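Asker: Build me a model:
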Amino acid sequence: MAADPASAGLPVRYAGIILRTVAGLVDLGIIWLFAWGVAALFGLPFMAGTSEQLAADTTSLHMLNAVVLFFAWLYFAGMEASGLQSTVGMAIMGIYTADIAGDRAGFFRTSARYWARFISLAILFLGFLPILFSPRRQALHDMLAGCTLHKR
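Answerer: All right, here's what the predicted structure looks like:
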């Protein structure tokens with residue numbers, strides 16, 4: 001596990017909102033491609049279907065949502081808990097997930113961060129505002145899970 005950069009005398013550089021947003025958009029694209037592929041595999045409308053198609057395929061669309069949500073959880077929590085400590089988008093932007101001490105966050109903590117993100121989203125994205133003001137540039141879901149995002 002990585003030692004806390006502050007305790008090693010190195011300046012801690014937390015990831016700000018712009019790096020996090022770009023990384024999130026890249027990761028959203030990956031999740032979107034996965035969802036599109038699964039929908040195509042099962043012949044489901046992905047982006048737009050007629051109201052008749054949507055009404056007829058409600059169960060299938062709910063299953064698609066469940067599969068995509070499960071994949072997204074494994075993708076985010078698994079990648080952030082791995083040795084890379086980053087999703088693809090985060091790696092491209094040069095940021096990684098750590099616990100409060102600066103060590104690698106485990107799968108339980110990164111899972112908590114993933115699920116708590118829905119709280120940040122559900123309150124009209126207001127859960128992301130603390131990134132602008134908190135000393136560690138943490139969003140609400142980072143605070144709830146005890147995580148920080150660092151720049152490499």
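Asker: Need the contact partners of stretch 69-86.
Answerer: Here stretch 69-86 makes contact (Cβ atoms under 8 Å, 6 or more residues apart in numbering) with 27, 30-31, 34, 87-88, 90-91, 95-98, 104-107, 109-111, 113-115. No exception for glycine: its C-beta is placed from N, CA and C like everyone else's.
Asker: rerun that using 6 Å as the cut-off
Answerer: Stretch 69-86 is contacted from outside by 31, 34, 87, 96, 97, 104, 106, 107, 110, 111, 114, using Cβ atoms under 6 Å, 6 or more residues apart in numbering.
Asker: cool, stretch 145-152 as well?
Answerer: With Cβ under 6 Å, 6+ apart as the test, stretch 145-152 has contacts from 13, 15, 94-100, 105, 109, 112-113, 116, 136.
Asker: again with stretch 123-131
Answerer: Stretch 123-131 is contacted from outside by 17, 119, 120, 137, 138, 139, 140, using Cβ under 6 Å, 6+ apart.
Asker: cutoff 10 Å now
Answerer: 14-18, 20-21, 24, 116-121, 136-144, 149 (Cβ atoms under 10 Å, 6 or more residues apart in numbering).
Asker: Next, the buried residues of that stretch.
Answerer: 127, 128, 130, 131 (16 or more other Cβ atoms under 10 Å).
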